[in-house]
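Trainee: Curious how this folds, go ahead:
(one chain, ligands or ions: 2)
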Amino acid sequence: MSSGVLVAVGAVEFEAGLLTALEGPSFHVVRRCVDVADLLAAAAAHQAQLAVVSAHLRNLDRDVIARLRQDNVAVVGATAEASSADEAALRRLGLESLVFADDVATLREVLTEAMNDPAAVSVADAWMSVAPSPDDQDFDGQEPRRRGQVIAVWGGSGAPGRSVVSLGLSAELARLRAATLLIDADVFGGAVASMLGMLDETSGLLAAARAANVGALDGESLARHARRVNPALRVLTGLPRADRWTEVKPVLLRHVIDMARSVCAFTVIDCGFSIEIDEEISYDVAAPRRNGATLEAIENADTVVVVGGADPVSLGRLIRALHELSQVVPGATPYVVINRVRDSLGWTESEIVETVARLSGVASVRTLPDDRQACDRALVHGRTLTECAPDAKVTKALRAMAADLAGVSENGGKRRRLARR
Ligand SMILES: Nc1ncnc2c1ncn2[C@@H]1O[C@H](COP(=O)(O)OP(=O)(O)OP(=O)(O)O)[C@@H](O)[C@H]1O
Ligand SMILES: [Mg+2]
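Mentor: Numbering: from 1, shown residues only. Ligands and ions are numbered 1, 2, ... in the order given. Below you'll find the predicted structure:
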């Protein structure tokens with residue numbers, strides 16, 4: 001089958017030759033894009049599998065390249081000649097696949113390679129290839145982002161939306177070009193794999209835990225066990241059946257979290273609902289602890305996102321959950337998310353936030369709107385909210401939350417810049 005190519009090279013002499021070289025049995029040019037906006041729109045419409053760009057395309061930056069890759073478009077840079085300033089500029093943007101426009105044979109070869117193996121970089125690079133490096137041009141003069149943040153997403157009973165928040169937040173962190181790993185560590189049964197339409201029953205978490213148990217867990221094996229959702233986001237899928245919780249031993253989960261922290265900018269953990277200390281229930285300290293994994297995740301997290309519902313029953317549970325958290329893990333830093341806020345409840349957003357802040361003493365309280373349509377669309381399509389409802393209110397609220405947790409501010413809707421925390 002012939003692959004569609006988007007050509008967006010700006011005003012360069014080699015464009016005509018490039019267009020001719022791209023016609024053949026393996027490739028066809030679906031669009032000559034006049035600018036970055038045109039290129040991104042064509043990629044978002046899934047018109048092509050490849051994009052050829054040059055350093056002369058105005059406003060081409062890492063963000064554009066990451067967004068193309070998010071839309072499953074492999075990106076190849078074209079230059080007129082080797083060792084030129086253009087080549088250096090493309091490499092600075094993190095483009096590994098480069099071709100010289102007049103070398104038709106290599107051009108086809110590189111395009112085929114990029115198509116077949118878009119992540120043709122070492123595993124360590126694969127984790128961090130989209131994370132900004134300290135010398136990144138986009139972040140000039142400001143501090144590089146602190147790496148290796150762990151965010152545990154927890155909440156009490158009643159399905160307040162832990163998995164929706166975990167996945168939504170991870171996808172938005174990845175959208176910030178930060179290598180992100182989502183670990184589904186809910187010991188009552190994994191949900192993230194089915195939310196992403198991953199039908200096979202292999203559990204990335206169990207595989208990683210087994211590797212940790214025999215001392216074989218490193219960045220490379222973690223990357224192998226984690227399913228790739230897009231260039232910046234991977235997922236360690238959870239338990240296929242709830243009765244396999246005994247295999248997620250706390251000490252092994254800690255090892256997985258430590259490894260993830262060392263290779264990813266963000267590790268987000270979807271946790272189970274209970275943090276009750278099992279020994280007190282069973283009187284048997286040697287017995288495996290079902291809630292041990294959740295406690296381990298929370299104890300090792302830099303931030304604990306505590307999710308609760310917005311209705312009176314859920315708010316009561318949320319306040320009790322926050323109290324329980326402060327008792328069981330006194331060192332935890334809670335970041336409260338009140339989910340499914342809706343007009344029919346009769347309270348304004350600020351009334352809910354102020355009440356929860358006052359009753360719990362937690363300063364960071366955010367809300368997410370109830371958006372059945374967007375959440376259902378994501379579930380039915382097996383995709384993230386970022387992919388299938390990027391402009392929905394709930395997605396935008398998750399985006400703001402991701403920026404807040406990452407210490408990044410959006411600058412007038414343009415290029416993102418780091419803010420000092
Ligand atoms: N902001 C929202 N707007 C509308 N529906 C939502 C929202 N957040 C979550 N939901 C829906 O609520 C249900 C429960 O969400 P989710 O699975 O994330 O909860 P959970 O806390 O992970 O529950 P579980 O105990 O099953 O793990 C799902 O059907 C989800 O689509
Ligand atoms: Mg869940």
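Trainee: what sits against the closest residue to ligand 1 within the stretch 1-150 of the chain?
Mentor: Residue of the stretch 1-150 of the chain nearest ligand 1, by C-beta to the nearest ligand atom: Val150 (18.5 Å). C-beta here means a position set from N, CA and C on the backbone, and glycine is covered the same way. Applying C-beta atoms under 8 Å, 6 or more residues apart in numbering to Val150 gives the contacts 257, 260-261, 266-267, 269, 300-303.
Trainee: Could you do Gly331 as well?
Mentor: Glu299.
Trainee: Surely it is within a strand?
Mentor: No: Gly331: not assigned to a strand; according to DSSP: H, G, I helix; E, B strand; the rest coil it is coil.
Trainee: What are the buried residues along stretch 227-247?
Mentor: The neighbour-count check on stretch 227-247 (16 or more other C-beta atoms under 10 Å) flags 227, 229-240, 244-245, 247 as buried.
Trainee: Neighbouring strands - and their directions - for the strand or helix carrying the residue of the stretch 1-150 of the chain closest to ligand 1?
Mentor: With secondary structure defined by DSSP states H and E, Val150 is part of strand 149-154. Within its sheet, and counting by DSSP bridges, strand 149-154 is paired with strand 266-271 (parallel), strand 303-309 (parallel).
Trainee: and the shortest one, does that touch ligand 2?
Mentor: It refers to strand 266-271. No: using C-beta under 5 Å from the ion, we find that strand 266-271 stays clear of ligand 2, coming within 6.0 Å at best.
Trainee: is ligand 1 contacted by that strand?
Mentor: No: Strand 266-271 does not reach ligand 1 (C-beta under 6 Å from any ligand atom); its nearest approach is 6.8 Å.
Trainee: Tell me how far that strand lies from the chain's centre.
Mentor: Distance of strand 266-271 from its chain centroid, counting by C-alpha atoms, centre = their mean, to the nearest Å, is 10 Å.
Trainee: would CSV of the contacts of Val150 with pLDDT and neighbour count be doable?
Mentor: As requested, these are exported to CSV (pLDDT from 0 to 100; neighbours: other C-beta atoms under 10 Å):
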residue, pLDDT, neighbour count
Ile257, 96, 23
Ala260, 94, 28
Arg261, 92, 18
Phe266, 93, 29
Thr267, 96, 30
Ile269, 98, 32
Asn300, 96, 17
Ala301, 97, 23
Asp302, 95, 17
Thr303, 96, 17
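Trainee: of all those residues, which comes closest to ligand 2?
Mentor: Ile269 (11.6 Å; C-beta to the ion).
Trainee: right, and that closest one touches Ile151 too?
Mentor: Yes: with contact defined as C-beta atoms under 8 Å, Ile269 counts as touching Ile151 (7.1 Å).
Trainee: Quick check: phi and psi on Tyr335?
Mentor: Main-chain dihedrals, Tyr335, degrees, to the nearest 10: phi -130, psi 110.
Trainee: so what's the backbone phi/psi at Met401?
Mentor: The phi/psi pair for Met401 (degrees, to the nearest 10) is phi -70, psi -40.
Trainee: Repeat that for Ala78.
Mentor: Torsion angles, degrees, to the nearest 10, at Ala78: phi -120, psi 140.
Trainee: thinking again about what came up before, now go through the buried residues of stretch 227-247 and say which are in helices.
Mentor: If you go by DSSP state H, these have nothing in helices.
Trainee: which among those residues are in contact with ligand 1?
Mentor: For ligand 1, no contacts are drawn from these by C-beta under 6 Å from any ligand atom.
Trainee: Is Val75 in a helix, a strand, or coil?
Mentor: Per three-state DSSP, Val75 ends up strand.
Trainee: Isn't it up against Leu95?
Mentor: Yes: checked against C-beta under 8 Å, the pair Val75 and Leu95 is within contact range at 6.3 Å.
Trainee: of these two, who's got more company?
Mentor: Set side by side, Val75 and Leu95 show more neighbours around Val75, with 27 against 20, by other C-beta atoms under 10 Å.
Trainee: can you state the direction angle for the longest helix along the chain and strand 303-309?
Mentor: When the chain is parsed with DSSP H, its longest helix is helix 312-328. Counting by axes from the mean of the first three to the mean of the last three C-alpha atoms, to 10 degrees, helix 312-328 points 150 degrees away from the direction of strand 303-309.
Trainee: And helix 312-328, how far out from the chain middle?
Mentor: 28 Å.
Trainee: for stretch 234-251, same thing?
Mentor: For stretch 234-251, the distance to the chain centre is 20 Å (C-alpha atoms, centre = their mean).
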